[in-house]
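K.L.:
For reference, the sequence and a predicted model appear below.
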Amino acid sequence: MAPLTALGALIERRLLAGPEDDLLVLAVLGGSTVFLADLIRAIERPIRFEHIHVTYEEGGGDRPLAIIFPIPVGVDGERVLLVKDV
């Protein structure tokens, strides 16, 4: 669990610098769910999270992502962390 604690602290330092900052975590459905549960426990600040479903589009070598479910919240002006399984 120590690496996740360190990752949580890093996320807080880099993304949540001010006391009023909050974080929206978008987690890709599937393998990220268990990791997400551990990660949000390691972040000591309040966060919001939503699940999204993505797929890779056929073709291009860079394998662009297509979001299948609409993101259920607005992300304009938000600090967003995308959590994806490996």
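P.N.:
The structure has been received and is ready for your questions.
K.L.:
Give the closest residue to residue 72 in space, chain neighbours not counted.
P.N.:
Nearest residue to residue 72 in three dimensions, chain neighbours excluded: residue 50, at 5.3 Å (C-beta to C-beta, 6 or more residues apart in numbering). C-beta here means a position set from N, CA and C on the backbone, and glycine is covered the same way.
K.L.:
With residue 38 instead?
P.N.:
Spatial nearest neighbour of residue 38, excluding adjacent residues (C-beta to C-beta, 6+ apart): residue 4 at 5.3 Å.
K.L.:
quick one: average confidence on the helix or strand the one you found falls within?
P.N.:
Residue 4 belongs to helix 2-15 when assigned by DSSP states H and E. On average, the pLDDT along helix 2-15 is 89.
K.L.:
list the helices and strands it packs on?
P.N.:
On a contact count with 3 or more C-beta pairs under 8 Å, 6 or more residues apart in numbering; DSSP states H and E, helix 2-15 meets helix 32-42.
K.L.:
Now tell me what touches the helix it packs on from outside.
P.N.:
1, 4-5, 7-9, 11, 25, 27, 47, 49, 51, 83-85 (C-beta atoms under 8 Å, 6 or more residues apart in numbering).
K.L.:
List the pairing partners of the next helix or strand after that helix within its sheet, with orientation.
P.N.:
Toward the C-terminus, helix 32-42 is succeeded by strand 47-52 as the next helix or strand (DSSP H and E). In the sheet, strand 47-52 lines up against strand 23-28 (parallel) (DSSP bridges).
K.L.:
Now do the partner strand against helix 2-15, angle only.
P.N.:
Per axes from the mean of the first three to the mean of the last three C-alpha atoms, to 10 degrees, the angle that strand 23-28 makes with helix 2-15 is 130 degrees.
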